[in-house]
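Enquirer: 3D, please:
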Amino acid sequence: MSAGVDGGLVVPGVEIAVGYVCAWLVGKARRVAGRADAEIDRGLDAGMDRLHGLVSAKLGTDPALERAREEADAGEGEREPSERTRQRLILALEEAAETDHDFTAALAQALAAVQAAGPVDVAFATGTAKATNGAAASTGVVRPGGTGSGSATAEHTGDATADGTNSKASTGVDYS
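Expert: Residues are numbered from 1 along each chain as shown. Sure thing, here's the model as predicted:
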């Protein structure tokens with residue numbers, strides 16, 4: 001941990017943890033709504049379950065976590081909690097980590113376990129992208145040469161168009 005700009009402590013990985021917790025909440029809502037993916041990376045799933053359990057146990061009924069759950073459930077797995085809710089969850093998690101060093105250590109271990117399972121690339125409800133004059137544009141996940149062993153998911157991605165010689169556009173998961 002180090003001092004932040006405003007004098008508060010900077011807890012490494014909190015924003016990443018919030019991203020994973022939000023992804024877990026959306027995944028849970030999707031499973032409840034009957035749209036679970038057929039193929040699930042079990043190691044990653046177990047790591048995210050552990051991380052979510054750790055954060056939920058620490059924050060309990062914190063309003064930020066409750067709001068994130070409500071937003072994920074309301075979207076039935078179709079959208080993540082709002083940026084405002086994510087920021088509130090980051091602040092709540094930072095506060096918890098600043099005051100409980102055992103929790104901070106456990107959070108770091110849980111994050112390391114999730115990240116060891118491979119990258120988690122998610123593109124969800126993206127906008128449109130256009131490539132011109134030899135450029136490339138993507139509205140999904142790009143993994144050149146199929147790199148990475150973790151999961152890659154693209155849902156409800158926007159249109160991607162290419163215009164001009166050597167321009168390239170992709171939507172979804174691009175392994176080229």
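
Enquirer: quick one: the strands in this protein?
Expert: Using DSSP state E, the strands of the chain run over residues 2-3, 9-10, 121-124, 129-132, 136-138, 141-142, 152-155, 160-163, 168-170, 173-174.

Enquirer: same list (the ones you listed) but as CSV, adding mean neighbour count and distance to Gly19.
Expert: All C-beta spots, glycine's among them, are computed from the backbone N, C-alpha and C. Below are the strands of the chain laid out as CSV (neighbours: other Cβ atoms under 10 Å; distance: least, Cβ to Cβ, whole Å):
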stretch, mean neighbour count, distance to Gly19
strand 2-3, 8, 21
strand 9-10, 14, 17
strand 121-124, 17, 9
strand 129-132, 16, 22
strand 136-138, 18, 20
strand 141-142, 19, 15
strand 152-155, 18, 13
strand 160-163, 16, 24
strand 168-170, 18, 23
strand 173-174, 19, 19
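
Enquirer: with distance to Trp24 and mean pLDDT added, can I get these in CSV?
Expert: Shown next, in CSV, are the strands of the chain (distance: least, Cβ to Cβ, whole Å; pLDDT from 0 to 100):
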stretch, distance to Trp24, mean pLDDT
strand 2-3, 27, 41
strand 9-10, 24, 49
strand 121-124, 12, 69
strand 129-132, 28, 86
strand 136-138, 25, 85
strand 141-142, 19, 76
strand 152-155, 13, 69
strand 160-163, 28, 87
strand 168-170, 27, 86
strand 173-174, 21, 78
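
Enquirer: of all those strands, which one is nearest Ala106?
Expert: strand 9-10 (16.7 Å; Cβ to Cβ).

Enquirer: sorry, back to before: so which of the strands of the chain is nearest Ala113?
Expert: strand 121-124 (17.8 Å).

Enquirer: select, out of the strands of the chain, the one closest to Phe103.
Expert: Closest to Phe103 of the strands of the chain, according to Cβ to Cβ: strand 9-10, at 13.0 Å.

Enquirer: show me the helices in this protein, by range?
Expert: When secondary structure is read from DSSP state H, the chain shows helices at 14-32, 42-59, 63-74, 83-99, 101-116.

Enquirer: now, of those, which is deepest in the fold?
Expert: Among the helices of the chain, helix 14-32 has the highest mean neighbour count (mean count of other Cβ atoms under 10 Å), at a mean of 20.
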